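In: Any chance you could fold what I've pasted below:
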Amino acid sequence: MSEIANKKIHLVNVIVFCSLLLTGGVLSLAMKKQSVSVMENRKLASFPTFSDSTFWSGKYFKAINVWYADNFPLRDQWISTATSFRNKLGFQSSEIKMYDEINDADAGLTKDTIRKKIDDGPLPDDGAVGEIKKKVFVFKKRAFEMFGGGPAMGKSYADVINSYNKILSPGIQVYNLIIPVALEFEITEKYAKMQKPNRPAIENIYNSLDSNIKKVWAIDEIRKHRTEYIYFNTDHHWTSLGAYYAYRAFCQTAGMTPVSLDTIPSKTKPSFLGSLYRLTRDAGLQSNPDSVRYYLFRDSLNFFIGSNAIGNWNKSKMYSEGASGPNSYLVFLQGDLPIVKMETQHKNGRKIAVVKESYGNAFAPFLINNYEKVIVVDQRYYTGDFIKMLKAEGINELLFINNIFAAHTPFHIDKIKGLKK
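Out: Here you go, the predicted model:
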């Protein structure tokens, strides 16, 4: 090939390359900017405000780089395409993939023996292959968090609950409910060592609680329904049905009759790809989306959003009907608000406060079927005078409800403890 031909090819390459850069730049400036990435469920960077200090420190130009990266044309589509391409190639990076031969150790066991094993712990092996992605166990087109908390941390959690009991007893009856993780009911014997069994960890907490604190064994009620849709496929939360079975266990402990779901109308938000899908971008999870069901109870209800100021309540709605897509779980109680109150037409004198993290959002609405007043406090965000608020609202029952991870996490334990301050 002649030197002239080579120069022409190089010139064409430069022109094409520069044209692509120019087109991308123009599109970045001209296309409508999104404030939120639905795929990543986060706010995108906004264009930085100029100042002399940020200009001379270099922070202004770094912020422009971040803004440009967040607003690159068709960004979500590029991420989705790249993820799909990586999955098709089998590229795992630092992720761990497990391949085992089919385990036929259960061959010859009777149905009664297998039933007992299912009731007590891991399911029999069925040859299904699991995979760890971003510290999440992906198994049968579902994603699971793996519990590994120790007894010392569980004891610390119990000590904090006991401290409230000492302050509030006997005027306020204290309850404690620990929610098991989904993998407790789905793990097979082949992968049983991947997480610590939940029941011994819950027993450790309950055995460390004061004797007059009522312990709710939700794990046993939930286990009876392990084959039902009680936890999401792609998200770390439980479904409203899973929360309902925990509510039934609570009613048994609290001496109440649970509402039956047979005659309760409901609505459903479809196509929910939750937090664990967004973390892993697993194609199997994407093909197995969730739906979020919420129940429309008949009891007349007044719902209020509060603030740190005692007695300051603004009327609102219990469900956030506008929640959709990756934010569908926010339908319950409008998400993680610091404090809300529900008042019903019951006149039984029972008034309860619920201290929770996000799992409690799907649980709390069921309580309006049994209580005159329900106040829900998010331990992470409420910074008002908690003890004074309980007295001002005439609360006579207090439920601490936390998933088993939160009950073994210093952050949540400190937040619950901090409500007293």
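In: Going by C-alpha atoms from here, please, whenever you check contacts or count neighbours.
Out: Noted.
In: Please identify the helix or strand for K215.
Out: Assigned by DSSP states H and E, K215 falls within strand 214-216.
In: so for the helix or strand that that strand is followed by, what's the average pLDDT?
Out: Downstream of strand 214-216, the next assigned helix or strand under DSSP H and E is helix 218-223. Averaging pLDDT along helix 218-223 yields 98.
In: Helix 218-223: how far from the chain's middle?
Out: 19 Å (C-alpha atoms, centre = their mean, to the nearest Å).
In: Go ahead and name everything in contact with the next helix or strand after it.
Out: With elements assigned by DSSP H and E, the helix or strand that comes after helix 218-223 is helix 240-254. With C-alpha atoms under 8 Å, 6 or more residues apart in numbering as the contact definition, helix 240-254 has outside contacts at 177, 179, 214-219, 221-222, 229-231, 257-258, 292-294, 362-363, 366-367.
In: Next: stretch 286-303.
Out: Contacts of stretch 286-303 (C-alpha under 8 Å, 6+ apart): 141-142, 232-234, 239-240, 264-274, 277, 315-318, 328-329, 331-332, 340-345, 368-369.
In: Paired strands for the strand holding K215, with orientation please.
Out: Strand pairing for strand 214-216, using DSSP bridges, gives strand 173-179 (parallel).
In: Using CSV, write out every CA atom in the helix or strand following the partner strand.
Out: With elements assigned by DSSP H and E, the helix or strand that comes after strand 173-179 is helix 183-186. What follows is helix 183-186, C-alpha atoms only, in CSV (Å, rounded to 0.1, in the frame of the first residue of the first chain):
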residue,chain,number,x,y,z
LEU,A,183,-32.1,-17.8,52.8
GLU,A,184,-33.0,-19.5,56.1
PHE,A,185,-35.9,-21.2,54.3
GLU,A,186,-34.4,-21.7,50.8
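In: And the average pLDDT for helix 183-186 is what?
Out: Helix 183-186 comes out at a mean pLDDT of 96.
In: can you give me the helices in the stretch 201-350 of the chain?
Out: Ranges of helices within the stretch 201-350 of the chain are 218-223, 240-254, 275-280, 283-286, based on DSSP state H, counting those that start in this stretch.
In: Using a markdown table, please lay out these together with distance to I416 and mean neighbour count.
Out: What follows is the helices of the stretch 201-350 of the chain, written out as a markdown table (distance: least, C-alpha to C-alpha, whole Å; neighbours: other C-alpha atoms under 10 Å):
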| stretch | distance to I416 | mean neighbour count |
| --- | --- | --- |
| helix 218-223 | 21 | 20 |
| helix 240-254 | 20 | 21 |
| helix 275-280 | 24 | 20 |
| helix 283-286 | 34 | 19 |
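In: Give me the contacts around stretch 261-269.
Out: So stretch 261-269 is contacted by S291, V292, R293, Y294, Y295, L296, F297, R298, S324, S328 (C-alpha under 8 Å, 6+ apart).
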